[in-house]
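Visitor: After the sequence you'll find the predicted model.
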Amino acid sequence: MLANRCGARDTPRDRVKPPKALRAPITGVALPVASPVNTSRPSPAISEAERRAYARVTWRLIPFLFLCYLVAYLDRVNVGFAKLQMLADIRMSETAYGIGAGIFFIGYFLFEVPSNLILHRVGARVWIARIMITWGILSAAMMLVRSVPQFYALRFCLGLAEAGFFPGIVYYLSRWYPSARRARITSLFMTALAVSGVIGGPLSGWILTTMAGVNGWAGWQWLFLLEGLPSIFVGVAVYSLLDDDIQSARWLSVDERALLQRNVDAEQKGGVHLSIGATLRDPRVLVLAMLSFSIVMGVYGIGFWLPQLIRSMGVQDPLRVGVLSAIPYATAAVAMVLVGRSSDRHQERRWHLVVAALVGAGGFALAARFPANVVIGMAALSAGTASVFTTLPLMWTLPPSFLRGASAAAGIGAINSIGNLAGFLSPYMIGAVTDATGSPSSGVYVIAAFQVLAAVLAIPATRALRA
């Protein structure tokens, strides 16, 4: 049953277990069926070998992929800080800004699945490097925007360039780690979302304040240039340093490669290999896409509007806005690691998702209820941000648990592309509500409502994987 691999739990039978013939201890070692070793009590040597092998992989991959995602997310949402100055310079309304911020995700949506299929064919090293270099160039080119149509065009092209990066990394990690280890690993990787806020907020505020007028350029122009260049440099490093899969990792011993590959292969045998069309029509994929959409409404609502929400509390200095914006992201970074570790330790996904989503809804609703109170507002936004950022890596442990090979690449790409349409709707909706009501906090209630929907969807989403 696919339920035994999906990682959700409603009853004890929902726990993550490999098939009986391949079942191994909690460490995740998958032994061959004919092995004479007792799978209920493995030898310390095997357990220690596995621990060392996964430690080496984690230290080699995760910090580097973390850096890649950090600069990616920084380039994606730094427009929220640029907005503090650029709206007046190019005579752009709040609604127009919301459209431009969100139009990124139209390009992202169109090229997401094709991009992931190309990655499956040519390998992560070449394709991730291409993605990062092209989006770095386009992100830096945002400094040249002089009109609303130019803003729309560059944001759309930036979405095309970046499409496939995140689902490509999720797919890539599934080729290294079995599902029982994936929540913690995915959470470690995705803390880059939160850390980009911790670093990016103060950095963006400093650039806007300090660099304004230098060389005749506005602060927001320097912001796009200085935060776009690192993606180009990291993209070049990806081509030199990233290995496509376990077998190409020469920094692992032969025995370590065999052990890691055996674990992945054991899980692959129980997965589903569907045609691309069948994958995209699979009800489980569609349910997860709806769940992803609900969660991403909160992620990008915060990503694009947090600076404005803090300003509406009465904080006007861009540097102080940047410093305060680091608080919710720092809280989220800690929560993501702790909840991901708890989910793996208990081999439970469903109720971790439900509780986190409901806490997020409560935090956003409270922030909207007290829009002018800095203390209550920041505490509520911190709770909401931490919770919504926590649900995202938990959700992404589920698709690789039942999709394999090209169908995994297509399914993960489809879930992410549909989910990221919320990246268009969320800033547009908040922008329209802000123009209509004069208060950005009104749109936060919409984000809270979508987190309630995410909590509701988490139950059928995990149950659907058992079909």
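Guide: In hand now; what should we look at?
Visitor: how distant is whatever helix or strand G168 lives in from the center of its chain?
Guide: Per DSSP states H and E, G168 falls inside helix 165-174. Centroid separation for helix 165-174 versus its chain: 10 Å, with CA atoms, centre = their mean, to the nearest Å.
Visitor: what's stretch 357-366 in contact with?
Guide: 294-295, 298, 301, 376, 380-388, 391, 444-445, 447-449, 451-452, 454-455, 458 (CB atoms under 8 Å, 6 or more residues apart in numbering). (Each C-beta comes from the backbone N, C-alpha and C, glycine too.)
Visitor: Can you say which of the residues you listed are buried?
Guide: Buried subset of the contacts of stretch 357-366 (neighbour count, 16 or more other CB atoms under 10 Å): 294-295, 298, 301, 380-388, 391, 444, 447-448, 451-452, 454-455, 458.
Visitor: Okay, and which of those residues map to helices?
Guide: Judged by DSSP state H, the buried ones among the contacts of stretch 357-366 include 294-295, 298, 301, 380-388, 391, 444, 447-448, 451-452, 454-455, 458 as members of helices.
Visitor: Provide the secondary structure category for E348.
Guide: Put simply, E348 is coil when judged by DSSP: H, G, I helix; E, B strand; the rest coil.
Visitor: That one and V354: what is the separation?
Guide: From E348 across to V354, the span is 11 Å (CB to CB, to the nearest Å).
Visitor: Between those two, tell me which one has more neighbours.
Guide: Neighbour tally, E348 and V354, criterion other CB atoms under 10 Å: the higher count belongs to E348, 21 against 18.
Visitor: Can you check what pLDDT the model gives the more buried one?
Guide: With respect to pLDDT, E348 scores 85.
Visitor: And R15, by the same measure?
Guide: For R15, the predicted pLDDT is 41.
Visitor: so where's the chain shaky on pLDDT?
Guide: Low-confidence segments of the chain (pLDDT under 70): 1-46, 267-277, 279-280, 304, 404-406, 440, 464-467.
Visitor: spatially speaking, which residue is in the middle of it?
Guide: Of all residues in the chain, the one closest to the mean position by CA atoms, centre = their mean is M190, 5.5 Å from it.
Visitor: hang on, that residue packs against V388?
Guide: No: if you go by CB atoms under 8 Å, M190 and V388 don't touch, sitting 11.8 Å apart.
Visitor: Just give the closest residue to S179, not the sequence neighbours.
Guide: Excluding its sequence neighbours, the residue lying closest to S179 (CB to CB, 6 or more residues apart in numbering) is S401, at 4.5 Å.
Visitor: Tell me, how many residues neighbour that neighbour?
Guide: Around S401 there are 26 residues (other CB under 10 Å).
Visitor: ok, now G360?
Guide: The burial count for G360: 30, using other CB under 10 Å.
Visitor: what helix or strand does it sit in?
Guide: helix 350-369.
Visitor: Show the contacting residues for the residue nearest to S342 when sequence neighbours are not counted.
Guide: Spatial nearest neighbour of S342, excluding adjacent residues (CB to CB, 6+ apart): H352 at 6.8 Å. H352 makes contacts with V339, S342, S343, L394, as judged by CB under 8 Å, 6+ apart.
Visitor: Thank you kindly, that will do.
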